[in-house]
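**Q** Here's a sequence, model it:
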Amino acid sequence: MPAEGLAWLPKDEILTFEELTRVLRLFVRLGVESIKVTGGEPTVRADLPTLVGMFREAGPDLDISLTTNGVLLERLAAPLATAGVNRATVSCDSLLRHRFVEMTRRDALEKVLRGLRAAEDAGLTPIKINCVVIGGTNDDELVGFARWARDTGYEVRFIEYMPLDAQHAWERQKVVPARTVLDRIGAEFPLVADGEGAEPATTYGFADGAPGRIGVIPSVTEPFCDSCNRMRLTAEGQFRNCLFALEETDLRGPMRSGASDDDLEALLREAMWQKWAGHRIDHEDFQQPARSMSMIGG
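**A** Predicted coordinates for the structure are as follows:
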């Protein structure tokens, strides 16, 4: 996020709990089996457990996960588990307090660690950690994160640095390839690849049988666009068929103008048929989306 923060949306521009649940029911009707409550930061939404409870009622068999910065998780883990969240993913880009402060502009590492323990106690497992690796910033912590995974049993997933920063200051040379991540960790802790799965992360266990796992998400150097099944709905009702999409499909306007469920389903289907074959990061004509990751959500 930019140092000055982001403008808060007026409340009437944000989808209500009922509107969000209505869209979720459409997704379930279309065959969606897994959803992720994400952000920005989802835990700042007032009464989030109530919203999750509505989601669970609309999709009793859904796999519901939460991606959060973990700062408020100590207080919310138990209520969210009771409401229907199955598991938690926590973003953490450094285990060093001073560097955590530099990268997040918040001295909150201890709060995040307490939130992780609360998530474990609440049964939001398996717990996954998302770590964005930036060359020259935190790439010296790779082995330390792997050791932490072995100590805690967490799955630490290293994500290649993507051009989704609010400052539009992304530099290709700061991308640490997933292969480099695996080589550095493997030199200290030999890894064994897991089987193929539907997740964007390719995961590995430790060859000596230690708990925990390592994952890599090579969005830049080895894009997985051809198998991507992700779609996103923003807080104000914009549907995105790709993380790097330059256009969005408005659902809020039609919903508030009386569109039927069939009308909305047609909009969703049309938007999905327009999904790109690839994100074009390595092409000369690549354009960074106007929204940053902190506005789109993971």
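
**Q** where does the residue nearest to Arg75 when sequence neighbours are not counted fall, helix, sheet strand or coil?
**A** Distances taken as CB to CB, 6 or more residues apart in numbering put Ala118 closest to Arg75, at 7.8 Å, once the chain neighbours are dropped. No exception for glycine: its C-beta is placed from N, CA and C like everyone else's. Under DSSP: H, G, I helix; E, B strand; the rest coil, Ala118 falls in the helix class.

**Q** any idea how far the residue lying closest to Val44 once chain neighbours are set aside lies from Arg105?
**A** Sequence neighbours aside, Leu72 is the residue nearest to Val44 in space, at 7.4 Å (criterion: CB to CB, 6+ apart). Distance of Leu72 to Arg105, computed by CB to CB, to the nearest Å: 16 Å.

**Q** Tell me who's in contact with Pro177.
**A** Glu160, Pro218, Val220, Thr221 (CB atoms under 8 Å, 6 or more residues apart in numbering).

**Q** Drop anything exposed from the residues you listed.
**A** Glu160, Pro218, Val220 (16 or more other CB atoms under 10 Å).

**Q** got JSON lines for the residues you listed, with secondary structure and distance to Pro190 too?
**A** Listed next are the buried ones among the contacts of Pro177 as JSON lines, based on DSSP: H, G, I helix; E, B strand; the rest coil; distance: CB to CB, whole Å:
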{"residue": "Glu160", "secondary structure": "strand", "distance to Pro190": "22"}
{"residue": "Pro218", "secondary structure": "coil", "distance to Pro190": "20"}
{"residue": "Val220", "secondary structure": "coil", "distance to Pro190": "26"}
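
**Q** and of those residues, the nearest to Ala201?
**A** Pro218 (9.3 Å; CB to CB).

**Q** Make sure that closest one is actually in contact with Glu160.
**A** Yes: between Pro218 and Glu160 there is a contact at 5.5 Å, judged by CB atoms under 8 Å.

**Q** overlap in contacts of these two?
**A** Joint contacts of Pro218 and Glu160 (CB under 8 Å, 6+ apart) are Pro177, Ala178.

**Q** Looking at this structure, which residue reaches furthest from the middle?
**A** Going by CA atoms, centre = their mean, the residue of the chain most distant from its centre is Gly258, 31.6 Å out.

**Q** Enumerate every residue touching Glu160.
**A** Neighbours of Glu160 in contact, by CB under 8 Å, 6+ apart: Val132, Val133, Val175, Val176, Pro177, Ala178, Val216, Ile217, Pro218, Ser219, Val220, Thr221.

**Q** Which residue is the nearest non-sequential neighbour of it?
**A** Val220 is the one closest to Glu160 (CB to CB, 6+ apart), at 4.5 Å.

**Q** could you pull out the helices for the stretch 151-298 of the chain?
**A** Remark: helices assigned in the stretch 151-298 of the chain by DSSP state H, counting those that start in this stretch are 178-188, 252-256, 261-273, 293-296.

**Q** Oh, that last question was meant for the stretch 1-150 of the chain, not what I typed.
**A** 17-29, 48-58, 73-83, 97-104, 109-122, 142-152.

**Q** and these as CSV, adding mean neighbour count, mean pLDDT and distance to Gly40?
**A** Below are the helices of the stretch 1-150 of the chain laid out as CSV (neighbours: other CB atoms under 10 Å; pLDDT from 0 to 100; distance: least, CB to CB, whole Å):
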stretch, mean neighbour count, mean pLDDT, distance to Gly40
helix 17-29, 17, 97, 14
helix 48-58, 18, 98, 12
helix 73-83, 20, 98, 15
helix 97-104, 15, 95, 14
helix 109-122, 18, 98, 16
helix 142-152, 18, 98, 24
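
**Q** All set, thanks.
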